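Trainee: Whatever this is, show me its structure:
(chains A, B, C and D)
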Amino acid sequence: MRWHLCQFLPVDNLRIKFKILEETFNPYKEFELWEKVNKNSANSFFIGRVRPSDQFGNDLKKLEIVHYKGMTENYIKRYLMKISEKQDDLCIFLLHRIGFIYPNEPIILIAVSANHRGIANKYLQEILEFTKYKVPFWKKEWTFKGSSWVKKNTDLGF
Amino acid sequence: MRWHLCQFLPVDNLRIKFKILEETFNPYKEFELWEKVNKNSANSFFIGRVRPSDQFGNDLKKLEIVHYKGMTENYIKRYLMKISEKQDDLCIFLLHRIGFIYPNEPIILIAVSANHRGIANKYLQEILEFTKYKVPFWKKEWTFKGSSWVKKNTDLGF
Amino acid sequence: METKKSNKIKVVLLSSIAEDLGWDEKFLTIEGSQMKVFSVWNLINSNLPQDNIIVSINQEITDMDAMINPDDEVAFMPIFTGG
Amino acid sequence: METKKSNKIKVVLLSSIAEDLGWDEKFLTIEGSQMKVFSVWNLINSNLPQDNIIVSINQEITDMDAMINPDDEVAFMPIFTGG
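Mentor: Okay, the predicted model is just below:
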């Protein structure tokens, strides 16, 4: 297994920012710090947390997330830059955990601010789906009996 | 003009909560306090802030929001209860300002948590549109020259 | 044996309507036992256009043809302009 | 005058593929100047099914028919399973 350092990658300017983190974080502190320099009238946020059970319904001990160092960062960076070219009032903040994450701990934080609520919500959802399907991240679930790689994405819930 | 006290109205149980407030608030503190008792794997949030200019592009001094005491609360309460009957894993928190609100101050905060991201995002957007179009709230914009009632809703931005 | 029935209704105006007419709450005495919302509107209205006015009786939205009974609260408000 | 050209490629395996084959990084010597990704896969693969495998050269997604040059990094990974 490959292990990676905490990374902080501001892209170009203050408008796009993402981090890949190996330690847990306080999402509200992150939001608050970020919004201090990105105040807009419409601000949408998402926090994804580790579920307490695995894909088979067993109690989860921890989740492991692996990425492909370099490629993962580049994919995210290119995608976020593409979005921000389409829509010039957007500010985006994405934070993603890797490593071992325990039940209820945050895995992902997304913040998008814009002049209009429809724009902020639309891009927040796009970025969230992007991280689920298009970015090199893999999940392994550890229970008290063993571990197994997750074979497919969690669905939207509908 | 009618003035109203700060209100805190938990509906039935911990799953639905809303407040109508006359003073400004820290949205991140509110989110954090709320999520302590409503931890779910998918958590969507929205903060709407006062724009710095009025509908005609003039500098805004302050925004005034008026409601119809009693009716406004009942409409919100009934709507949130209806949603939570449709979808049993939802937790909802809605906070709405009335009175005078200054540029950049928060007007509205919405938090929705669910087991799945699609559900959390869907209901967050529904609740946001509901507060814009279906709840007795009225907006008046004060500039340095005078004041005028807003005649129609802000659009989604598309 | 009967408590004397009130023949008053409460009229509430909101937002720009209150501002245009210069008041936001009044009690009116009604003739007979019922009255149409529309008649109340005519009674209090100076010369505001009737379009796009939302009407409620006892805080439930209704229309200009609904009947008001004594002790009811009737309100006139412009369309909601959100938060 | 010329720097001697390397004839090595770096092979990276990720997630369950690394676990199944028991390693996550290896340098291979290639014959000639180029090689198909598919040939590398055959070279290293024990008996994993080829379906649903994502392939990248120098961290850009490509396919099994793409050509690998010396000093390239080729990676094999299962479908992404999100955050």
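Trainee: In chain A, what helix or strand scores lowest on average pLDDT?
Mentor: strand A:7-11 (a mean of 49; mean pLDDT, DSSP states H and E).
Trainee: Find the residue closest to the closest residue to chain C within chain A in space, skipping its chain neighbours.
Mentor: The nearest approach of chain A to chain C comes at A:Arg117, 10.4 Å away (C-beta to the nearest C-beta). Heads up, the C-betas are built off the backbone N, CA and C, glycines and all. Take A:Arg117 and drop its neighbours on the chain: the residue closest to it by C-beta to C-beta, 6 or more residues apart in numbering or on different chains is A:Ala42, 4.2 Å away.
Trainee: so which helix or strand takes in the closest residue in space to A:Trp149 that isn't next to it in sequence?
Mentor: Closest residue to A:Trp149 apart from its sequence neighbours, by C-beta to C-beta, 6+ apart: D:Ser16 at 4.2 Å. Following DSSP states H and E, one finds D:Ser16 within helix D:15-21.
Trainee: what does C:Thr81 give?
Mentor: Applying DSSP H and E, one finds C:Thr81 in no helix or strand.
Trainee: Cross-check the contact I'm expecting between it and B:Trp138.
Mentor: Yes. Between C:Thr81 and B:Trp138 there is a contact under C-beta atoms under 8 Å: 5.3 Å.
Trainee: so what's in contact with these two at the same time?
Mentor: Taking C-beta atoms under 8 Å, 6 or more residues apart in numbering or on different chains as the criterion, C:Thr81 and B:Trp138 both touch B:Trp149, B:Val150, C:Ser15.
Trainee: The first one: neighbouring residues, count only.
Mentor: Same thing as B:Trp149. 17 (other C-beta atoms under 10 Å in any protein chain shown).
Trainee: So what sits opposite it in the bridge?
Mentor: B:Lys140 (DSSP bridges).
Trainee: can you tell me how far it sits from chain D?
Mentor: For B:Trp149, the distance to chain D equals 45 Å [C-beta to the nearest C-beta, to the nearest Å].
Trainee: quick one, what contacts the residue nearest the centre of chain C?
Mentor: Geometric centre of chain C, nearest residue: C:Val74, 3.3 Å, by C-alpha atoms, centre = their mean. Counting by C-beta under 8 Å, 6+ apart, C:Val74 touches C:Ile9, C:Lys10, C:Val11, C:Val12, C:Val37, C:Val40, C:Val55, C:Ser56, C:Ile57, C:Ile68.
Trainee: now swap in C:Asp72 and tell me
Mentor: C:Ile9, C:Lys10, C:Ile57, C:Asn58.
Trainee: out of these, who has the most neighbours?
Mentor: That'd be C:Ile9 among the contacts of C:Asp72, by other C-beta under 10 Å, with 20 neighbours.
Trainee: how far away is that residue from C:Val74?
Mentor: Distance of C:Ile9 to C:Val74, given as C-beta to C-beta, to the nearest Å: 6 Å.
Trainee: what do those two both touch?
Mentor: By C-beta under 8 Å, 6+ apart, the residues touching both C:Ile9 and C:Val74 are C:Val40, C:Ile68.
Trainee: For chain A, just list every one of the strands.
Mentor: Counting by DSSP state E, one finds strands in chain A at the ranges A:7-11, A:16-21, A:42-49, A:62-67, A:91-97, A:99-101, A:106-114, A:137-142, A:147-149.
Trainee: B:Val50 is nearest to which of these?
Mentor: strand A:42-49 (11.5 Å; C-beta to C-beta).
Trainee: Now do the closest one against strand B:42-49, angle only.
Mentor: 160 degrees (axes from the mean of the first three to the mean of the last three C-alpha atoms, to 10 degrees).
Trainee: so what's the closest residue to A:Tyr123 other than its chain neighbours up against?
Mentor: Once flanking residues are discounted, A:Tyr123 sits nearest to A:Val112: 4.9 Å by C-beta to C-beta, 6+ apart. The contact partners of A:Val112, taken as C-beta under 8 Å, 6+ apart, are A:Asn43, A:Ser44, A:Phe45, A:Leu90, A:Cys91, A:Ile92, A:Phe93, A:Ala120, A:Asn121, A:Tyr123, A:Leu124, A:Ile127.
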